[in-house]
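In: coordinates only, no sequence provided:
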């Protein structure tokens, strides 16, 4: 299951090219629409639907063979799909929904208002209704919420020839089960193995299913997290993973195309959160302006309140600032260097944790590595900072006063301290978040920067107090 | 093709549990290793290889049946695999490499030094060598570099029964072609259609391939970019996409498992770049410290040099600063608010561009939307800022002097201006990068922050000059 089948959609000219012809056909000979579009992928037809004037859409869907119309609807973007299903008569809507695979049916109904969803559910056959209601009961972020129930399974006790005949019957029935993998169960529907269609074809005459099935089969339970599902599919290079309930009974499977959508969605969430906002639910252009504003304003205000501590820190050092105004010149430079190095470290560790390259227990190894990196980076930036002050003084671009040498040293040591702290804090933050039970990817670049800004000021003025006491301070 | 099959790897206890037993078996009865590990997935065996003492690894691989040992090697991490292939005798290494699929063979050889790769190539049969050399000639980031050449194709003129018999023969031959999809070609090997194995099974007796094949088949050319390949596979929910050369001749296919690896790799790159460093080539813990430092120091220095402009900006306003030191208290607060709002906008637009939700021509719509968002967010933060100054003054926490009201207004308007500018600049930066031919994902949070910091200072002091002229300035 997923929000929309078009997680990665770019404009394809084919739809734009064909839309005018389709409008023409709908006007003059709607009966030819089906034949004219026969060769197109439903994803392309969905693009055409999105380009058609709204008044033409239901005529267009009506002109397509039933099962094809519902495939097209699966690829149409979520918002338009909901609108269409509201506009159509309940009978028409139910006919389209009925022909979807059970998981897509549940997805589509989940997007609608509860009342409308119930109306449509009431209008589809009892079998399909029950199946859909079962799927709707699962949390959409779990294997149960992602799975399709249309799977092909055979009994372990059967002969291969019999199993193959069964598969052929299902294939010919026009039902839409994916059948690259065939699951093997015992008489109580407990999952006991898996065979690929290829292995079934390759099996010697007379063999039994149990002879050729692989009994070491990776499965997930209905309550497994979607991240776990996508990790297993991606790690074992499989096209689908079976889903069992707590008793081991085969309930469905999650296929790789849904996993790609999950990975893409998670990626979008991660990038948005790292950018410092709550992840949007809809694509950027389709998000309601007010919703988007809320997701941005929330974090921005939190960060702003945190950043207010910088004003407090500066008030604390106001005497020093008044005495040596030249110190203020370097505040943004020093403070931002801490934020930048922290942001680098955080992005590295977030990904390493997400990919499982490091885990919680590695925090100490990472801390040592990042401390060393922080010192090295701090020495580099500190040296550039010292050279900057000396160069400007030497070239007469700016007059830092009689203590310019000490000021250069203060800038250098502060940069070392701030970069070191930024790197260390940035790298440890994702660990701390995971330890506290949060997603490490909640650590955003602005969050790290804010954390480091306040500390950076304290480091800078403390170094200044130590080195400039009696020299202007 | 890909760097390593374990793009998403987490520790699985199964390997840790079994490794001691395997060591024991290798010592006392190596002949039993194959049978004991028969049911395990090669990915799990690869975990065991990574846990074994290095001295045991070649004995372990030798104890496995040949084709299985080479599957295991495909899942071992890149670094260890290269080391193993260097340590083994050329004959042993060639035997392992020979049994890999051609695309994995090319991947593995690409990781090795050229000399060693040539030695191993020389030792494998001429057919496999030629095939591998052909694949090695493609850019690894193109469809040609990603594809496998082990595909199943049938002639359009054949009968379905004949095609099916052919597929069964291939399946029984033990070769490793994926066969969920069967490609259809004409006599000159030009791609003309596609059938799924399921459709082949479902076809009525006596039908011809040409009757059931779908002739509208999406394909890519060998030079297609990997991003395009993954977009098509993900958009059309297909498990593989055929690759043709410029003449339309079928050359291979890219399968969905490789695409997942491509997506994950791209995601890691994007997060690291957004964090403000050049993307690492290896996993965090496996990266050489010096290499990692270089990738971080480079950008950090560039950002530092950019940030130096803040010191210049402040020098420009030094008279104002000296006259009204209280202004400096709000510098980090104001400047960072611009950076934070810019970072939010950039992360939103990077993802929207990557997913094709917006394209270059939408820049004006996005600019208007973000300008509105920037004003709204600026008003919110500006109001909080004004209240902060008034509250501290009112509560007697800090004394901002006789012009505290004007100072509050300066802070408020500056925040409005800075947040508005930050939001707009952050949202336009990815468009500008794409327009210039760069990846929009090169726009990092620290880069945006640096860009906005300098402008933020100028905005702040300009507002102060206007509103405080004659009132302390």
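Out: Structure received. In this text the structure is predicted, and so the values were computed from the model without any measurement. Numbers count the residues shown, from 1 in each chain, chains lettered A, B, ... in the order given.
In: make it CA atoms for all contacts and neighbour counts henceforth
Out: OK.
In: low pLDDT regions in the stretch 1-150 of chain A?
Out: The model of the stretch 1-150 of chain A has pLDDT under 70 over residues A:1-13.
In: ok, the stretch 351-473 of chain A next?
Out: Counting by pLDDT under 70, the stretch 351-473 of chain A contains no low-confidence segment.
In: who in it is up against chain B?
Out: A:351-352, A:355-358, A:373, A:377, A:380-381, A:398, A:445-446, A:450, A:453 (CA under 8 Å from any CA of the partner chain).
In: buried subset of those as a ChimeraX selection?
Out: Per 16 or more other CA atoms under 10 Å in any protein chain shown, the buried members of those correspond to this ChimeraX selection:
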select /A:351,352,355,356,357,358,373,377,380,381,445,446,450,453
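In: show me what contacts residue A:390?
Out: A:404, A:405, A:408 (CA atoms under 8 Å, 6 or more residues apart in numbering or on different chains).
In: neighbours around residue A:17, how many?
Out: 11 (other CA atoms under 10 Å in any protein chain shown).
In: next, it: secondary structure please.
Out: helix (DSSP: H, G, I helix; E, B strand; the rest coil).
In: just the buried ones from the contacts of residue A:390?
Out: Among these, the ones that count as buried (16+ other CA under 10 Å) are residue A:408.
In: for the contacts of residue A:390, which one is nearest residue A:302?
Out: Minimum distance to residue A:302 across these is 34.7 Å, recorded for residue A:408 (CA to CA).
In: the helix or strand hosting the closest one: how far from the chain's middle?
Out: Here residue A:408, judged by DSSP states H and E, is contained in helix A:404-435. Offset of helix A:404-435 from its chain centre (CA atoms, centre = their mean, to the nearest Å): 31 Å.
In: who are the packing partners of the following helix or strand past it?
Out: As assigned by DSSP H and E, the chain's next helix or strand after helix A:404-435 is helix A:445-468. Here helix A:445-468 touches helix A:289-316, helix A:331-354, helix A:404-435, helix B:331-354, helix B:445-468, going by 3 or more CA pairs under 8 Å, 6 or more residues apart in numbering or on different chains; DSSP states H and E.
In: what's the closest of those to residue B:297?
Out: Nearest of these to residue B:297, taken as CA to CA: helix A:331-354 at 9.0 Å.
In: and that closest one, what does it pack against?
Out: helix A:404-435, helix A:445-468, helix B:256-274, helix B:289-316, helix B:331-354, helix B:445-468.
In: I'd like those laid out as a markdown table, including distance to residue B:134.
Out: As requested, those are exported to a markdown table (distance: least, CA to CA, whole Å):
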| stretch | distance to residue B:134 |
| --- | --- |
| helix A:404-435 | 43 |
| helix A:445-468 | 44 |
| helix B:256-274 | 19 |
| helix B:289-316 | 31 |
| helix B:331-354 | 31 |
| helix B:445-468 | 41 |
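In: tell me, how many residues neighbour the closest residue to residue A:220 other than its chain neighbours?
Out: In space, and not counting its chain neighbours, residue A:220 is closest to residue A:243: 5.0 Å by CA to CA, 6 or more residues apart in numbering or on different chains. Per other CA under 10 Å, the neighbour tally for residue A:243 reads 28.
In: show the pLDDT at residue A:243.
Out: pLDDT for residue A:243: 95.
In: I'd assumed it was in a strand, is it?
Out: Yes - counting by three-state DSSP, residue A:243 is part of a strand.
In: wait, it touches residue A:218, no?
Out: No - here residue A:243 lies out of contact with residue A:218, judged by CA atoms under 8 Å, at a distance of 9.3 Å.
In: out of the helices and strands packed on helix A:331-354, flag the one nearest residue A:339.
Out: Residue A:339 lies closest, by CA to CA, to one member of those: helix A:445-468, at 4.0 Å.
In: now that closest one against helix A:404-435, angle please.
Out: Interaxial angle, helix A:445-468 versus helix A:404-435 (axes from the mean of the first three to the mean of the last three CA atoms, to 10 degrees): 140 degrees.
In: now helix A:445-468: buried residues?
Out: In helix A:445-468, counting by 16+ other CA under 10 Å, buried: A:445-461, A:463-465, A:467-468.
In: so where's the stretch 151-300 of chain A uncertain?
Out: A:174-178.
In: how about the helices in it?
Out: Applying DSSP state H, counting those that start in this stretch to the stretch 151-300 of chain A gives helices spanning A:160-173, A:197-202, A:209-212, A:226-235, A:256-274, A:289-316.
In: what comes up buried for the longest one?
Out: Buried positions in helix A:289-316, judged by neighbour count with 16+ other CA under 10 Å: A:292-293, A:295-297, A:299-301, A:303-315.
In: hey, what's the angle from that helix to helix A:445-468? Just curious.
Out: 10 degrees.
In: for helix A:289-316, which helices and strands make contact with it?
Out: Helix A:289-316 packs on helix A:445-468, helix B:331-354, helix B:363-394, going by 3+ CA pairs under 8 Å, 6+ apart.
In: quick one, domains of chain A?
Out: A:13-137, A:153-262, A:284-468 (automatic domain parsing).
In: now render these as TSV, adding distance to residue B:123.
Out: As requested, these are exported to TSV (distance: least, CA to CA, whole Å):
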stretch	distance to residue B:123
domain A:13-137	46
domain A:153-262	29
domain A:284-468	35
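In: nearest to residue A:277, out of those domains?
Out: domain A:284-468 (5.0 Å).
In: that older thread, between the contacts of residue A:390, which sits nearest residue A:98?
Out: Using CA to CA, the contacts of residue A:390 come closest to residue A:98 at residue A:408, 74.4 Å.
In: so what's the closest one up against?
Out: A:385, A:386, A:387, A:389, A:390.
In: switch to 7 Å and redo it
Out: Contact partners of residue A:408, counting by CA atoms under 7 Å, 6 or more residues apart in numbering or on different chains, are A:386, A:389, A:390.
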